[in-house]
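In: Got a sequence here, can you model it:
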Amino acid sequence: MVAVVGAQGFEAVDPFVVLERLVEGRLAELQTEFQRVISSRHLVNTLLDDQREGRHQSVSDGVERIDGPDRIRARIDELAFFAHQEVLSVQPNGALSAAAIEGAKEADLRALRRGTVMRTILGTDALYDRRTTDYLTELCARGARIRNLNGPLERVLIFDRRIAMVPVDPRETSRGALIIRQPGLIASLTALFERCWAVAEDFGRERLTEIEHQVLKTMVRVEKDEAGARELGISVRTYRGHIAHLLRRLNATHRTQGVLAARDRGWI
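Out: Now for the predicted structure:
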């Protein structure tokens, strides 16, 4: 039996009764949380409908629309300036242009100097661009955490887990952006970011170039170098040169050992 406070003082109560009351209380809490999520989903659907029909320039309930690249850039700078704890971002558009780096660099370095946590997820294809990787390397040296993910990504910025920015049209981000302050939507976007972050790879991890990856996969499938080179549209000499370079990177003395080492590293 369990002692609980009743009208006449402490009373003995069956522990199964107490457990049932605790479960009922927790179920009530979960029901409230479920209703909050459903409400957020309804708001998302409303926003998507408005976006497709082009009806509203601004939306209530904690969501605001802004238009034009200049206004979007200015608002990003403003939100980043006042973010003092954490900035989360997903950049799905591949390599960064020189203009994009120049526009973001000052704000990024300023945030890192004052101790703001910066976590960014990029598509894997961005890592084949030298200008982009040089910039990311500099940010990492200043304390930023960057990961890459191979797969479809959606553009999003989250500031201090209180404000988020997403494009009105993911296919044409210059059309406009939505500034979101609605807590339910912020929680959903943050949870999505964390799920992507958990499966993404750290930037700076040793990786193959695109041609090296193709040569390695071909080497596994094709026995003769002439056939492999022909499949990739390169000369036999170039094909063999890539294989020799791969074996040196893998510390392998022959191709079979190299294939096993490549599998251990997750390259194939």
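
In: ok but Leu157 is inside a strand, no?
Out: Yes. Membership of Leu157 in a strand is supported by DSSP: H, G, I helix; E, B strand; the rest coil.

In: Leaving out the residues flanking it, which one is nearest to it?
Out: Distances taken as C-beta to C-beta, 6 or more residues apart in numbering place Met165 nearest to Leu157, at 4.4 Å, with adjacent residues excluded. Backbone N, C-alpha and C define where each C-beta goes, glycine included.

In: got a list of what that neighbour touches?
Out: 72, 75-76, 79, 156-157, 159, 177-180 (C-beta atoms under 8 Å, 6 or more residues apart in numbering).

In: again, only using 6 Å
Out: The neighbours of Met165, taking C-beta atoms under 6 Å, 6 or more residues apart in numbering as the test, are 157, 177, 179.

In: which stretch of helix or strand covers it?
Out: strand 163-167 (DSSP states H and E).

In: And Arg248, how close does it get to Arg221?
Out: Using C-beta to C-beta, to the nearest Å, Arg248 is found at 22 Å from Arg221.

In: Nearest spatial neighbour of Val222, chain-adjacent residues omitted?
Out: Per C-beta to C-beta, 6+ apart, closest to Val222 is Gly228, 4.2 Å.

In: Same question for Ile158.
Out: Leu88 is the one closest to Ile158 (C-beta to C-beta, 6+ apart), at 4.2 Å.

In: Does that neighbour belong to a helix, a strand or coil?
Out: Quick answer, by three-state DSSP: Leu88 is strand.

In: At which residues are the helices of the stretch 101-250 of the chain located?
Out: 130-141, 183-199, 210-221, 225-232, 236-249 (DSSP state H, counting those that start in this stretch).

In: So for the fourth one, what gets flagged as buried?
Out: If I follow you right, that is helix 225-232. Neighbour-count burial for helix 225-232 flags 228-229, 232 (criterion: 16 or more other C-beta atoms under 10 Å).

In: quick one: low-confidence parts of the stretch 1-150 of the chain?
Out: 1-61 (pLDDT under 70).

In: same thing but at 50, please
Out: 2-7, 10, 13, 18, 34, 37-41, 43, 47, 50-59 (pLDDT under 50).

In: all strands of it, in order?
Out: 2-6, 9-13, 63-66, 86-91, 117-123, 145-149 (DSSP state E, counting those that start in this stretch).

In: Next, work out how far apart Asp125 and Leu153 are.
Out: In terms of C-beta to C-beta, Asp125 sits 11 Å off from Leu153.

In: what about those two, which has more around it?
Out: More crowded of Asp125 and Leu153, by other C-beta atoms under 10 Å: Leu153, with 19 against 15.

In: The more buried one reaches Pro92, doesn't it?
Out: Yes. Using C-beta atoms under 6 Å, Leu153 is in contact with Pro92, at 3.5 Å.

In: Identify the contacts common to the two.
Out: Common neighbours of Leu153 and Pro92 (C-beta under 6 Å, 6+ apart) are Gly123.

In: hmm, back to that, please tabulate the contacts of Met165 in TSV, including the columns neighbour count, distance to Ala104 and pLDDT.
Out: Supplementary listing: the contacts of Met165 in TSV, determined by neighbours: other C-beta atoms under 10 Å; distance: C-beta to C-beta, whole Å; pLDDT from 0 to 100:
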residue	neighbour count	distance to Ala104	pLDDT
Leu157	23	11	95
Ala177	25	15	93
Ile179	20	18	94
